[in-house]
Every structure is written in structure tokens, then in C-alpha cells.
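K.L.:
When you get a sec, could you give me coordinates for this:
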Amino acid sequence: MDLTPRWNVDRPFLTGRFHQVFESTKSIDGGGEAIGFSMSSFGSGLDNAIGYYNAATQELIVIDDLLSAMVGIEGQYISVKRGSRKEDAFSFQVDASMDLTLQECAKRIFPLCENYLLINQFVESRSQFKTGVVNHAFAAALRTLLLDYEAMVAQLEHQFRLRRLSIQGLWFYCQPMMGSMQALAIIIKKVSSRNLIGSAVLNLLQSQAKAMAGDHVVRSLLEKMTQCASTAYLRILERWVYEGVIDDPYGEFFISENKSLQKESLSQDYDAKYWKQRYSLKDDIPIFLASSAGTILTTGKYLNVMRECGHNIQVPVVESSKLMSYGSNHHYLECVKVAYEFASGELLNLIEEKYDLMGKLKSIKHYLLLDQGDFLVHFMDIAREELMKKPDHISVEKLQSLLDLALRTTCAAADPCHEDLTCYVERTTLLKRLSTLKDLEKTLGENITFEEPVSITGLETFTLSFKVHWPLSLVISRKALTKYQLIFRLLFHCKHVNRQLCAAWQVHQGARKLDMQGIAVSVSSLLCRNMLKFINSLLHYLTFEVLEPNWHIMHNRLQSAKSIDEVIQCHDFFLDKCLRECLLLSPVLVKKMEKLQSICLQYAAAAQRLITSSIDSAREGSSTDFSPGIERYNKLKLRIRSQKGSMVSENSAIIDAILNFEREFTAELQSLGPILSSSSRAEPYLTHLAQWILGEGREQ
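P.N.:
Numbering: from 1, shown residues only. Predicted coordinates for the structure are as follows:
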């Protein structure tokens, strides 16, 4: 089925394609006249060569043929030839018998005729839908220009009929159009050869206008063409910056949309690229919009977020702020700036007020950064048995129920976001998990190897997670939550080590009540105190030297943030800084800290077991004594002293074991000093860590 009427094919003169069939028509008609043109006014003898006539008659014939050629119609002695290789290559030829002076005069006008044919064909070809709205608008502007040109030709023909036009006069009247048509022909050839659309056409028009700065008439024409062609493009831009909609059926706009990226990926995928790649800039940006391309992209993105939230907010538009005109006054840039400020303010108010971003961040701080740890103490007490299992044997559902119980029975119950807190059990250690995060690989180093321990429990792999919904997932994305979890795992394990050492310290205090200094208690209690000092100093550094100061800096910056992108940037900077200062981006230091904590845990378990067994044996020796309380205590004390020698010999192995722990712990702690000293020049925060853990630079 034909897409166009039949007459569009049968009558090529209506489409300007007559020169394609003229030769075949000429051969069929016997070589007399071109279709649709009559030479009867010159008599019936025009079948002869033009050289047969005198110079005056030849001039009249040539002028008549030139007037026809100027609107694309072949004359009796002027013909059109199409190039064999290039579709847009046209050339006019004259009868060789024509007077040489007239030939030269005609040849000077031929470029104008050829440019008309080229422009006319471009107008027809670029009026198709597939060529895009910019080409449509450009073709419409060219069509208007051709109408003025054809009106000029009609006026010249009228003067010719009145016998007032000579060939020199024709050349004189054609002069004003020669430069303009030539400049347009150059542009059209480039557009056709490169098959340009959209912003590429606008850039070409603008660059050619600048190149013609010396010719005011041509420059003005090209600027007008640029303005006409950009009108359609600015309609697309207007919908984007005022409504957040890409109305671009032919793919001409410099912003592309990747519909395969969904907002749900922000809360599920660590490497989610929704915010950066759902809408992105193309390479072919119009020159006059290049300086504000980023602002234009961001404005539409903000409006899209609000529409995804169910808020169809549209930038208020008045007649003076419409983006329908392009010019040197840069009014369109001011309109874009106003639209950006409106969209940014509305989205920021929406996220901060309706969705309570700061409230959500504070809740995450309470739970994942252990700002309020009362629920954690209760949870660790009731979930200890489950957390002691291997990760594969842990019931996450049971942990979740225990966590809910701990939240409901502590101060956390007053937090409206506590129901969004969930449990999660990793399958790898903290360092191994760090190595799997692609964006941290370069920071960690490529040659670092991470050895998995033979056996790990839930105490090393347990973490908390948080349910975050759109649009807060823009700020608290899966990547951000993962970084929070890394910090939580570090703090949780330190808390666990601290609890174990505190339990060992309580055992030592119980032994002191029985005056059992003669055994390993005195040696062990000193080591236990040093280990407690280390772990408490580490926790103090992590919380009061890193997390709290950085949190307050981020909080203050968020209060003055002007856009959601600035909020995201401040939040990401806070997390990255905390990761770095918490040593999580330094595998050597993390390994060293894990080694020290492992020694502390091994010692705490051994100390509790050995000291408790010693106390139990002492209590068993006094369990059958029914003397009054003071006498019974004195007898037990005397008995312990009498057994002192034998107990010391029996517990020498315990003392040796404790001394081994002490030597290993001291050696690891001392080896930490040079590492911190060598790295503190590049990382000043390590100086604070050394001061707290090693006691350097502060009072003991």
C-alpha cells in the first residue's frame, strides 16, 4: 500500500524531482519542449541550436531559461545533470553553440539554481517523520525562505515580460540571495552527508553562523534559521524542566532514559545505578545549552522523583518564562535556573518534612552505630546461645524474634522506626566482606589476601539491617546501608570482646573476696585489666573520636543543604570518612585489631574456666564446715593459706598459660606502634588512635 498519494509519484514536478525523469521524457517527446513549459512566445523555430540566432535573441532565450532554472525547471537550452555518485550533486549545462559572453553570464547564476534544487530536495526529504522535529522545523524555515525566493523569481519574470530585464540586470537582482543560498547549501550538504538530527543540526547552524561573522546578512539569516529550528527542541526542553517528562519521539533530546533501571534497585542492589544512570546526558548537547546541561538534567530528575512519590508537582509557568525562544539574551538560561531552584526546594522539603529523613538517619545511628546500646545489651544476653552457633546453623527468624523482644522491652520501643530494624547473618568475616565490595577494592589494595578462619560463629557475622523505602532510598541506599553494617559489625564484635573481658574481671573479683592471691588470680587480673583498657580505648576512639564528631559535621551540613544531591554527597562523605577512620579501609590494621581481640577472647574464656574451677574447688573444701559465719571464713582463709604451696604448684600450668597470653598480647600491641607511627603522616587520625590504645601523648 502506498504511503503517499499516487499523484506524488506520477507528477514529479510537484515534488521537485522532475530532473530525474526529464531526460527520459525528453527522449519520448522527441526532444522538443520540457513538460509544462512553452516557448511559443519566441516563435516556432526554436528547435534549432541557440547559436543559430543573433545575440539579442539569444539573450532573451537565455534569460527565459535562467528564470526557469532558478525554480528548478529545465529550459530549452539549459539542462540539469545529476551526479552519478552523490544524490545531492546537481549541475546545469548550456548549449555549446551559445554566445560565449552569455554562457559566462549564465554560469555565474548556475550556483544559485543548483542551491535552490539542493535546498528544495532537502525540504522534501527532511519533512518525513523519521528525521525528527528539529529537521522538521529547519525544513519549515527553509520552505518559508524558498517562498520568498520564488516570489523574487516571479517578480523578475514579470519584469522580463515587460522587456525591462537584461541578463546583467538578472545577475544584479540575484546578488543578495547568492550568499545566503550558498551558506544554506553548505549546511544542507553536511546535514545530508552525515545524516544529522536534533542537537547536531543546531550545533552546525550555530557554528556556521559564527563563521559568517563578516557577512551580516548571511549571519542574520543563519541565526534566524537556528532560532526557528531550536523552537521545536526547546519544546522538548520545556516539558522536561517544567514537568519532568521526556517528550522525545525521535531520540533527539540530549537526555536519555534507561527504563530498565527501576527505583527498587536502590534498596536491593549494592551497585545500583538508578540515580546516576536512569537519566543521563548524551554526547550531542546543543552548544547553547552546554553550560547548563547538568542543571537541566538534575531539574527533570527531581521532578521525576516527586512524580514517583505520587506528587505531580509542576513548575509554575508564566508567559515570560516559556522556553520557546533562543537568542543572545540567554533568557532560556534564567528560566532553567528558576525551574531548578523550584524543583530542588520542593523535593528537599518533601523528603525532609513528609518522609522525615533526619529521623530515619537518627534511628540508624541509634541502632547501627550503637548510639543507644541498652537494647543491644539485652539482646546479647538473650541471644548469646544462638549467636554462638555457626552461621549456617543460626535461625534468623529466632534472632529476629529475640531482637523484637529486646526492642519492645527497652527505651527503643519509643522510636517509631524500631519496627524497620531487621537481623541478618553474613557468611564471611568482616575483612572478606570488605574485599567483595567493588568500590572499595582500590582502597583496600589488590595484593591483599584475606584468609577465612577455620570456624566462625554468629558473633563475628551477625549484623543489623534497616528497611528503607522510596524516596529515602535515594540517600540511604543499599550501598549506604552496607557501609553502616560494616561499622556495626566492628562495633558489635568490640562490644562482645568487652563483655567477655568484663565477665572474666568479675570472676577475678570473686576470687579476690576469697583472698586467693596466691594462685594465678593476681597474674591474670593484671592481664585482664590491660586487655580491658585496650578494648575500652578502642571503643572510645571509634565512638567519641570518629563517629560522633563526623555525625555532628554531617548533621550541620544537611541542615544547610540546598538539594538532594548535596544531601547524598554529605551522607556518602560521612560514611566513607567513618569507614576510613574506623580502620576498615586498612586491611593491615584491621587484621592486627582482630588478632588482638582474638587473644582477648581466648584469654577471657580460659580465665573464666580456670579461675572458676579454682574457686569451686576451694568452696567444696569448706562446704561441710558448720561453724558460724566469721569463724567459717577465717577457717577457709587459713585453709587456703595452708594449701598455698600445693595450689601454686598445681596451678603453675595455669600461670604459664596466662603468661603466654600476656606475652602474645604485649607483642601484638607493641607491633601496632610502628604501624600507626608510619601511617600517621598520611592519615592524621591514626595519631588519636595511638594515643588512646598505646597511651602515647596522653597521661597514663
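K.L.:
where are the low-confidence patches of this protein?
P.N.:
Applying pLDDT under 70 to the chain flags residues 1-47, 83-88, 317-329, 438-454, 511-520, 611-651, 696-700.
K.L.:
what helix or strand is the residue positioned nearest the centre of it on?
P.N.:
The centroid of the chain falls nearest to residue 276 when counting by Cα atoms, centre = their mean (1.9 Å). For residue 276, the host element (DSSP states H and E) is helix 274-277.
K.L.:
Contacts made by that helix with the rest, please.
P.N.:
258, 261-263, 265-266, 301, 474, 477, 568 (Cβ atoms under 8 Å, 6 or more residues apart in numbering). Where C-beta positions appear, they are placed from N, C-alpha and C, glycine not excepted.
K.L.:
got it, and stretch 525-532?
P.N.:
Contacts for stretch 525-532 (Cβ under 8 Å, 6+ apart): 498, 501-502, 504-505, 508, 512, 599-600, 603-604, 607, 658, 661-662, 665.
K.L.:
let's go with 10 Å and repeat that
P.N.:
With Cβ atoms under 10 Å, 6 or more residues apart in numbering as the test, stretch 525-532 has contacts from 497-498, 500-502, 504-509, 511-512, 517, 520-521, 596-597, 599-601, 603-604, 607, 611, 658-659, 661-663, 665-666, 669.
K.L.:
where does the helix holding residue 276 sit relative to the chain's centre, distance-wise?
P.N.:
Relative to its parent chain, helix 274-277 has a centroid offset of 4 Å by Cα atoms, centre = their mean, to the nearest Å.
K.L.:
do the same with stretch 104-119
P.N.:
52 Å.
K.L.:
As CSV, could you dump the C-alpha coordinates of that stretch?
P.N.:
C-alpha atoms of stretch 104-119 as CSV (Å, rounded to 0.1, in the frame of the first residue of the first chain):
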residue,chain,number,x,y,z
GLU,A,104,29.7,33.1,-18.8
CYS,A,105,26.8,35.2,-17.5
ALA,A,106,24.6,32.1,-17.2
LYS,A,107,27.3,30.1,-15.5
ARG,A,108,27.5,32.8,-12.8
ILE,A,109,23.9,32.3,-12.0
PHE,A,110,24.0,28.5,-12.1
PRO,A,111,25.2,28.1,-8.4
LEU,A,112,22.0,29.9,-7.3
CYS,A,113,19.9,27.4,-9.4
GLU,A,114,21.8,24.4,-8.1
ASN,A,115,21.5,25.6,-4.5
TYR,A,116,17.7,26.0,-5.0
LEU,A,117,17.4,22.5,-6.2
LEU,A,118,19.5,21.2,-3.3
ILE,A,119,17.5,23.2,-0.7
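K.L.:
Tell me the buried residues in that stretch?
P.N.:
For stretch 104-119, a neighbour-count test (16 or more other Cβ atoms under 10 Å) marks 105-106, 109-110, 112-119 as buried.
K.L.:
Redo the residues you listed as CSV? Include distance to residue 652 and secondary structure.
P.N.:
Listed next are the buried residues of stretch 104-119 as CSV, based on distance: Cβ to Cβ, whole Å; DSSP: H, G, I helix; E, B strand; the rest coil:
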residue, distance to residue 652, secondary structure
105, 125, helix
106, 123, helix
109, 120, helix
110, 117, helix
112, 115, helix
113, 116, helix
114, 112, helix
115, 110, helix
116, 113, helix
117, 112, helix
118, 107, helix
119, 107, helix
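K.L.:
Closest one of those residues to residue 159?
P.N.:
residue 109 (15.3 Å; Cβ to Cβ).
K.L.:
any idea how far residue 68 is from that closest one?
P.N.:
Separation of residue 109 from residue 68 (Cβ to Cβ, to the nearest Å): 12 Å.
K.L.:
these two touch, right, residue 364 and residue 484?
P.N.:
Yes - with contact defined as Cβ atoms under 10 Å, residue 364 counts as touching residue 484 (6.1 Å).
K.L.:
anything in contact with each of the two?
P.N.:
Common contact partners of residue 364 and residue 484 (Cβ under 10 Å, 6+ apart): 464, 466, 476.
K.L.:
With residue 547 as the reference, measure out to the second one.
P.N.:
Okay, so that is residue 466. Where residue 547 is concerned, residue 466 sits at a distance of 17 Å (Cβ to Cβ).
K.L.:
quick revisit: give the buried residues for the helix holding residue 276.
P.N.:
274-275.
K.L.:
Work out the gap between the next helix or strand after that helix and the centre of the chain.
P.N.:
Per DSSP H and E, the first helix or strand lying C-terminal to helix 274-277 is strand 279-281. The chain centroid and the centroid of strand 279-281 are separated by 8 Å under Cα atoms, centre = their mean.
K.L.:
How about stretch 600-608?
P.N.:
49 Å.
K.L.:
Using CSV, list the CA coordinates for it.
P.N.:
Listed next in CSV are the C-alpha coordinates belonging to stretch 600-608 (Å, rounded to 0.1, in the frame of the first residue of the first chain):
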residue,chain,number,x,y,z
CYS,A,600,41.4,-11.3,74.4
LEU,A,601,38.6,-13.7,73.7
GLN,A,602,40.8,-16.8,74.1
TYR,A,603,42.2,-15.4,77.4
ALA,A,604,38.7,-14.5,78.7
ALA,A,605,37.4,-18.0,78.0
ALA,A,606,40.4,-19.6,79.6
ALA,A,607,40.5,-17.3,82.6
GLN,A,608,36.8,-17.8,83.4
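K.L.:
Show me what counts as buried in it.
P.N.:
600-601, 603-604, 606-608.
K.L.:
Export those as JSON lines, with columns for secondary structure and distance to residue 233.
P.N.:
Below are the buried residues of stretch 600-608 laid out as JSON lines (DSSP: H, G, I helix; E, B strand; the rest coil; distance: Cβ to Cβ, whole Å):
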{"residue": "600", "secondary structure": "helix", "distance to residue 233": "68"}
{"residue": "601", "secondary structure": "helix", "distance to residue 233": "67"}
{"residue": "603", "secondary structure": "helix", "distance to residue 233": "73"}
{"residue": "604", "secondary structure": "helix", "distance to residue 233": "71"}
{"residue": "606", "secondary structure": "helix", "distance to residue 233": "77"}
{"residue": "607", "secondary structure": "helix", "distance to residue 233": "77"}
{"residue": "608", "secondary structure": "helix", "distance to residue 233": "76"}
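K.L.:
and of those residues, the nearest to residue 680?
P.N.:
residue 600 (24.2 Å).
K.L.:
can you list the shared contacts of residue 364 and residue 484 in JSON lines and add secondary structure, distance to residue 240 and neighbour count?
P.N.:
Shown next, in JSON lines, are those (DSSP: H, G, I helix; E, B strand; the rest coil; distance: Cβ to Cβ, whole Å; neighbours: other Cβ atoms under 10 Å):
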{"residue": "464", "secondary structure": "strand", "distance to residue 240": "40", "neighbour count": "21"}
{"residue": "466", "secondary structure": "strand", "distance to residue 240": "34", "neighbour count": "19"}
{"residue": "476", "secondary structure": "coil", "distance to residue 240": "27", "neighbour count": "21"}
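K.L.:
For the helix or strand hosting residue 301, name the packing helices and strands.
P.N.:
Residue 301 is part of helix 293-308 when elements are defined by DSSP H and E. Here helix 293-308 touches helix 216-243, strand 255-257, helix 274-277, strand 279-281, helix 331-349, helix 564-581, going by 3 or more Cβ pairs under 10 Å, 6 or more residues apart in numbering; DSSP states H and E.
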